[in-house]
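# Sequence plus predicted model, see below.
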Amino acid sequence: MSVNALFLVNSVALGFGLAMDAFSVSLVNGLSEPRMKRSRQCLIAGVYAVFQFVMPLIGWLCVRTIAQVFTVFQQCIPWIALILLVVIGLNMLLEGKKDRKKEKSGHAEDIGHGPVSFGTLMLQGVATSIDALSVGFTIAEYGIFESLIACLVIALVTFALCYIALFLGRKIGTKLTWRAQYLGGIILIAIGIEIFVTGILS
């Protein structure tokens, strides 16, 4: 396998497919933090991009070394993503409930300004990229150089899409107030269910 136009097109397409969950979660983060600065948008998008770079590479290494063990672990991937995203989603719903009470009590200025914590960001990164481990089978025939290039392209696509999602979410979030937390929680839970169902049926 050599790096050519078809290889790059396939990698970009793979990147778009893998980045959709991270795109949705980035939209949620933008909704819940309407005052997010550009530097923070870059940081959050960068975290997702790093996870989307590392996970397929780990999958590739596992296929090349411990394929049998990795195949067994694959069955746990949908469950892990479901649990992580449902927990984060429920937490956002609770935050939305608190923000609604703030609005009713006349403290609307405190709504939706809490940034996502580093720990939550890491959990989101794992939850939205763990299914990318399976890409190891897709790129199993690649050499190490081609695999690194493919994973880099995936990461760049992820960064671009997540940055756009954060920007859009931030713009919309200013109009939704506490409803953004409710919407975000529902979206995260829905993503978790989608990953779970897709993983179980595949």
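Arrived safely.
# got the contact list for the residue positioned nearest the centre of the chain?
Residue closest to the average C-alpha location in the chain (C-alpha atoms, centre = their mean): A22, at 2.5 Å. A22 sits next to Y48, F51, Q52, G125, T128, S129, T158, L161, C162 when contact means C-beta atoms under 8 Å, 6 or more residues apart in numbering. Every residue, glycine included, has its C-beta placed from N, CA and C.
# Quick check: buried residues in the helix or strand where it lies?
Element membership for A22 (DSSP states H and E) is helix 5-32. Neighbour-count burial for helix 5-32, with 16 or more other C-beta atoms under 10 Å as criterion, is recorded at 7, 11, 14-15, 18-19, 21-32.
# Kindly report the same for stretch 144-160.
146-147, 149-151, 153-160.
# what do you get for stretch 77-96?
77-78, 80-82, 84-86, 88-89, 92-93, 95-96.
# The lowest-mean-pLDDT helix or strand in the chain: what's the following helix or strand?
The weakest-scoring helix or strand in the chain, judged by mean pLDDT, DSSP states H and E, is helix 67-74 (a mean of 72). For helix 67-74, the following helix or strand on the C-terminal side (DSSP H and E) is helix 77-104.
# isn't L156 right next to Y48, touching?
No. With contact defined as C-beta atoms under 8 Å, L156 does not reach Y48; the gap is 11.6 Å.
# that older thread, just want the angle from the least confident helix or strand of the chain to helix 77-104.
30 degrees (axes from the mean of the first three to the mean of the last three C-alpha atoms, to 10 degrees).
# so what does helix 67-74 touch, helix or strand wise?
With contacts defined as 3 or more C-beta pairs under 8 Å, 6 or more residues apart in numbering; DSSP states H and E, the packing partners of helix 67-74 are helix 38-65.
# Against V12, how distant is A5?
11 Å (C-beta to C-beta, to the nearest Å).
# what separates the residue nearest to the centre of the chain from R64, distance-wise?
Applying C-beta to C-beta to A22 and R64 gives a distance of 25 Å.
# Give me the below-cutoff pLDDT ranges for the protein.
1-3, 68, 99, 102-114, 173-181, 202 (pLDDT under 70).
# Go again with 90.
1-11, 13-25, 27-37, 59-120, 123-124, 127-144, 168-202 (pLDDT under 90).
# E146: which element?
E146 belongs to helix 144-176, assigned by DSSP H and E.
# Next, the angle helix 38-65 makes with that helix.
140 degrees.
# give me the number of residues near the nearest residue to A81 once chain neighbours are set aside?
Closest residue to A81 apart from its sequence neighbours, by C-beta to C-beta, 6 or more residues apart in numbering: I195 at 4.3 Å. Neighbour count for I195, taken as other C-beta atoms under 10 Å: 23.
# got the buried residues of stretch 77-96 as TSV, with distance to V116 columns?
TSV is the format used below for those (distance: C-beta to C-beta, whole Å):
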residue	distance to V116
I77	23
P78	24
I80	20
A81	18
L82	20
L84	14
L85	14
V86	17
I88	9
G89	13
M92	9
L93	15
E95	11
G96	14
